[in-house]
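Q: here is my input; please provide its structure:
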Amino acid sequence: MSRLLCRDSLRTPHSIEVPDVKCPLCEARKGKRFCPAKQRQICAQCCGEKRVIEIPCPADCPYLSSGQEYHRWKDYQAQLGALEDPRERIRMVETLVHLGPFLDALEKGVVQYAGELQSLRDQHVEEAVSFLLETYRTESKGIIYEHSSTNPLVQALVRKLRDVTEQYRSGQEPDSPSLGPEEVVRCLKFVRLNVRHYAGGRGTDYLDFVRRNHPELAGRQDPSGGIISL
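A: Okay, here's the model as predicted:
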């Protein structure tokens with residue numbers, strides 16, 4: 001008995017078994033990633049699904065940037081792969097490669113406008129993008145005519161995205177690509193494809209997607225959105 005006690009007393013702390021800690025968010029899976037926002041170990045699934053949306057992730061979180069880029073490109077690949085026309089697929093890939101900064105700016109415009117608006121839905125984003133697309137499609141034919149919505153929520157987003165577009169077209173943004181109405185139409189078609197991709201039962205929605213893409217902006221209220229109450 002004395003030998004047993006002596007042997008047990010020599011065990012190092014590393015030999016002591018630590019019980020598995022459950023993720024505090026789902027309370028089901030094991031917590032294996034340290035979350036700086038929660039100051040706890042959380043599971044990989046909650047980290048992936050709830051980052052930025054339910055978890056106020058700090059910008060220096062090592063899981064944020066890597067997961068953000070992975071999911072973004074995975075979703076883009078799924079959208080492009082679903083296009084039946086190979087020529088359209090090539091055009092969309094070229095748009096993504098050559099006009100990426102402008103696409104990024106449009107996404108940021110949506111996130112800034114959305115802010116804390118609880119009433120904004122994906123369908124409003126699609127409508128706003130479609131109206132703006134028709135405006136620039138009309139311009140590409142040599143006719144200046146602004147297509148607008150009777151819904152104030154949608155129309156305010158149209159104005160926001162038009163301001164973003166014209167800022168790029170005027171060359172105010174550093175390294176901004178050359179944008180004629182045809183290039184703007186291509187980019188807006190890409191954004192609309194993106195919105196419709198999530199409308200097809202992807203398990204999340206477009207607004208969540210763009211908020212994850214731009215965590216530095218998610219949750220901020222845009223002045224043009226704050227004055228609308230519906």
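Q: OK, contacts around L83?
A: For L83, the contact set (Cβ atoms under 8 Å, 6 or more residues apart in numbering) comprises 89, 92, 193. No exception for glycine: its C-beta is placed from N, CA and C like everyone else's.
Q: of those residues, buried ones?
A: In the contacts of L83, burial by neighbour count holds for 92, 193, counting by 16 or more other Cβ atoms under 10 Å.
Q: K30 against C43, yeah?
A: Yes: the pair K30 and C43 qualifies as a contact (Cβ atoms under 8 Å) at a distance of 6.2 Å.
Q: the two: which is more packed in?
A: C43 (21 against 12; other Cβ atoms under 10 Å).
Q: that one reaches L25, doesn't it?
A: Yes: using Cβ under 8 Å, C43 is in contact with L25, at 7.4 Å.
Q: flag the shaky bits of this protein, pLDDT-wise.
A: Along the chain, segments meeting pLDDT under 70 span 1-20, 52-53, 59, 64-77, 79, 173-177, 200-204, 218-230.
Q: and what about the residue nearest to Q155 when sequence neighbours are not counted, helix, strand or coil?
A: Once flanking residues are discounted, Q155 sits nearest to S149: 4.6 Å by Cβ to Cβ, 6 or more residues apart in numbering. On the three-state scheme (DSSP: H, G, I helix; E, B strand; the rest coil), S149 is labelled coil.
Q: joint contacts of K30 and C43?
A: Taking Cβ under 8 Å, 6+ apart as the criterion, K30 and C43 both touch C23.
Q: now A105, what's its secondary structure?
A: Classified using three-state DSSP, A105 is helix.
Q: setting aside sequence neighbours, what's the nearest residue to it?
A: Sequence neighbours aside, V164 is the residue nearest to A105 in space, at 5.4 Å (criterion: Cβ to Cβ, 6+ apart).
Q: OK, contacts around that neighbour?
A: Contacts for V164 (Cβ under 8 Å, 6+ apart) come out as 105-106, 108-109.
Q: could you do R169 as well?
A: 179, 184.
Q: look up the closest residue to V158, ignoring the ones flanking it.
A: A128 (4.7 Å).
Q: ok, that neighbour to S170 distance?
A: The gap separating A128 from S170 is 21 Å, by Cβ to Cβ, to the nearest Å.
Q: cool, and R40?
A: 47 Å.
Q: and what of G100?
A: Here the criterion is Cβ to Cβ. By it, G100 lies 19 Å from S170.
Q: out of the two, which sits in the busier spot?
A: The neighbour count for G100 versus S170, taken as other Cβ under 10 Å, is higher for G100 (13 against 10).
Q: next, the nearest residue to K160 once chain neighbours are set aside: secondary structure please.
A: Among residues not flanking K160 along the chain, Y113 sits closest, at 4.6 Å (Cβ to Cβ, 6+ apart). Three-state assignment for Y113 (three-state DSSP): helix.
Q: great, nothing more from me.
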